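A.B. asks: Sequence and predicted structure below; questions after.
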Amino acid sequence: MGFTVLIVDDELMPRTVLCRRLPWAGLGVSRVEQASDGEEGLEQARQCRPDIVISDIKMPRKNGLEMAAAVREFLPACQFVFLSGYSDKEYLKGAIRVKAASYVEKPIDLEEIEGVLRGVLQELQAQAGPDPRRVFFRGTGEAGPPLNDRSFSGGKSRISELDRLIKHQKRPEAEAALRRLEEEMFRCEGTDPEYLRHVYCQIVFLFLAAAESHNITTVTEKTDFLLYTAAKQETLEQLWEALWQTEREYFAVAEPQDMDVPARVERYLEQRYPDSSLTIQQMAADLGFAHTYLCAAYKKSCGKTINQRLTELRLQHAKELLVRSRQKLYEVANAVGYGDGKYFVKLFTRETGLSPRQYRARHCHEE
């Protein structure tokens, strides 16, 4: 949780020293504001809503004690740390009356101030409970590396593209687009969670509209849950769990069902073979089959494993690229789903009896 601190002092030097020389980020403070007297401090407090006010006591127009009493009327939980070069008992009594967190005498001792702030901030953190943003992005309110400040912007064009892919039942492309959105959202921890919940609802609306047009009741009957219950989930991970479940239920019905297992596998591999992260487990989940059933059914029908067919398909496209393009070998490897160029050369040579260079030279010469 990023706390806000307001420093109020009619002398510029103490304000400057405190602003520049205290390790605010390490203390968990994300915002530090300044005011030059109690009157200005009161106005600043109304605007920035500080968690802690560090204030001189003796100031023109309105002293620190008067300002604290006024601030407490609209920020009752705000904590005050008073600074003063005066050891007058009346000031100490006044600090006690406004329930100051601490009273520190000038000249400023930075180590003393830092120690006081750590204690006050720890107490505030305990009272506040888990940081909602940390819980939303990381699933825990416990202390850890600070959240980054990257901001996510979904963009109308990306939602429009998703809409097109869903309506036209282009499942692999839609899933790839969703994965990119998911990965980017998790990287952008500076985004307001409510904005990401709004984007979630926009995507849900796409599936609901498409499901209604196809009369997919397994999705449409969950409208209230998806928009009013799931949308309020505490974490981003829970939002995406609801989205992926909706995606699976929609495509399980919307996809053409008259294709047998080999045909569906073939179509899937043709669309996804360039993806080096492709796994049979993921393919089975995408197609709505148990992993073991899909592998067994395909091998029984085709006499080969899915991985063998994937290798055939990749090498077939690699041969075409070797002959028709001037791409380097590692570029060809990447284009057909092999991130490791050396492995690609070894596999190609083993399966064809020629190295990629030899294959290219022979077939280019033949043409």
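C.D. replies: Everything's here; your move. Residues are numbered from 1 along each chain as shown.
A.B. asks: Would you mind giving the domain segments of the protein?
C.D. replies: Domains of the chain are assigned by automatic domain parsing as 3-129, 134-255, 258-367.
A.B. asks: so can I have CSV of the ones you listed showing mean pLDDT?
C.D. replies: Below are those laid out as CSV (pLDDT from 0 to 100):
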stretch, mean pLDDT
domain 3-129, 84
domain 134-255, 87
domain 258-367, 88
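A.B. asks: Next, format those domains as JSON lines and append mean neighbour count.
C.D. replies: (C-beta placed from N, C-alpha, C; glycine too.) JSON lines is the format used below for these (neighbours: other C-beta atoms under 10 Å):
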{"stretch": "domain 3-129", "mean neighbour count": "17"}
{"stretch": "domain 134-255", "mean neighbour count": "16"}
{"stretch": "domain 258-367", "mean neighbour count": "15"}
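A.B. asks: quick one: the helices in the stretch 201-350 of the chain?
C.D. replies: Using DSSP state H, counting those that start in this stretch, the helices found in the stretch 201-350 of the chain span residues 217-220, 223-224, 236-254, 261-272, 280-287, 291-302, 306-324, 329-335, 341-352.
A.B. asks: Which stretch among those approaches R118 most closely?
C.D. replies: R118 sits nearest to helix 236-254 of all the helices of the stretch 201-350 of the chain, at 30.4 Å, using C-beta to C-beta.
A.B. asks: tell me what that closest one is packed against?
C.D. replies: In terms of contacts (3 or more C-beta pairs under 8 Å, 6 or more residues apart in numbering; DSSP states H and E), helix 236-254 is packed against helix 171-187, helix 193-213, helix 217-220.
A.B. asks: what do you get if the cut-off is 10 Å, keeping everything else the same?
C.D. replies: helix 132-138, helix 156-167, helix 171-187, helix 193-213, helix 217-220, helix 280-287 (3 or more C-beta pairs under 10 Å, 6 or more residues apart in numbering; DSSP states H and E).
A.B. asks: closest one to R324 among these?
C.D. replies: In terms of C-beta to C-beta, the element of the helices and strands packed on helix 236-254 nearest to R324 is helix 171-187, at 24.4 Å.
A.B. asks: and the helices of the stretch 201-350 of the chain as CSV, adding distance to L83?
C.D. replies: Shown next, in CSV, are the helices of the stretch 201-350 of the chain (distance: least, C-beta to C-beta, whole Å):
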stretch, distance to L83
helix 217-220, 61
helix 223-224, 55
helix 236-254, 42
helix 261-272, 65
helix 280-287, 61
helix 291-302, 66
helix 306-324, 70
helix 329-335, 62
helix 341-352, 65
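A.B. asks: Relative to L6, which of those is closest?
C.D. replies: helix 236-254 (31.8 Å).
A.B. asks: how far off helix 156-167 does the closest one point, in degrees?
C.D. replies: Interaxial angle, helix 236-254 versus helix 156-167 (axes from the mean of the first three to the mean of the last three C-alpha atoms, to 10 degrees): 40 degrees.
A.B. asks: The chain should start at 430 in everything you say after this.
C.D. replies: Sounds good: first residue 430 from here, last item helix 665-683.
A.B. asks: Now do helix 665-683: distance to the chain's middle.
C.D. replies: 18 Å (C-alpha atoms, centre = their mean, to the nearest Å).
A.B. asks: Then stretch 645-655?
C.D. replies: The answer for stretch 645-655 is 26 Å, by C-alpha atoms, centre = their mean.
A.B. asks: go on, stretch 671-688?
C.D. replies: With C-alpha atoms, centre = their mean, you get 26 Å for stretch 671-688.
A.B. asks: The helices of the stretch 630-779 of the chain: which one's closest to C448?
C.D. replies: It's helix 665-683; of the helices of the stretch 630-779 of the chain, that one is closest to C448 (C-beta to C-beta) at 34.0 Å.
A.B. asks: just to revisit the earlier point, out of the helices of the stretch 630-779 of the chain, which is closest to E534?
C.D. replies: helix 665-683 (47.1 Å).
A.B. asks: Put the alpha carbons of the closest one into PDB.
C.D. replies: In PDB, the C-alpha atoms belonging to helix 665-683 read as follows (Å, rounded to 0.1, in the frame of the first residue of the first chain):
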ATOM      1  CA  LEU A 665      -7.100 -10.900 -11.400                       C
ATOM      2  CA  GLU A 666      -6.400 -14.600 -11.500                       C
ATOM      3  CA  GLN A 667     -10.000 -15.300 -10.500                       C
ATOM      4  CA  LEU A 668     -11.300 -13.000 -13.200                       C
ATOM      5  CA  TRP A 669      -9.300 -14.900 -15.800                       C
ATOM      6  CA  GLU A 670     -10.400 -18.300 -14.500                       C
ATOM      7  CA  ALA A 671     -14.000 -17.200 -15.100                       C
ATOM      8  CA  LEU A 672     -13.100 -15.900 -18.600                       C
ATOM      9  CA  TRP A 673     -11.300 -19.100 -19.600                       C
ATOM     10  CA  GLN A 674     -14.100 -21.200 -18.400                       C
ATOM     11  CA  THR A 675     -16.600 -19.100 -20.400                       C
ATOM     12  CA  GLU A 676     -14.300 -19.400 -23.500                       C
ATOM     13  CA  ARG A 677     -14.200 -23.200 -23.200                       C
ATOM     14  CA  GLU A 678     -18.000 -23.500 -22.700                       C
ATOM     15  CA  TYR A 679     -18.700 -21.300 -25.700                       C
ATOM     16  CA  PHE A 680     -16.300 -23.000 -28.200                       C
ATOM     17  CA  ALA A 681     -17.300 -26.500 -27.000                       C
ATOM     18  CA  VAL A 682     -20.700 -25.900 -28.600                       C
ATOM     19  CA  ALA A 683     -19.900 -23.200 -31.200                       C
END
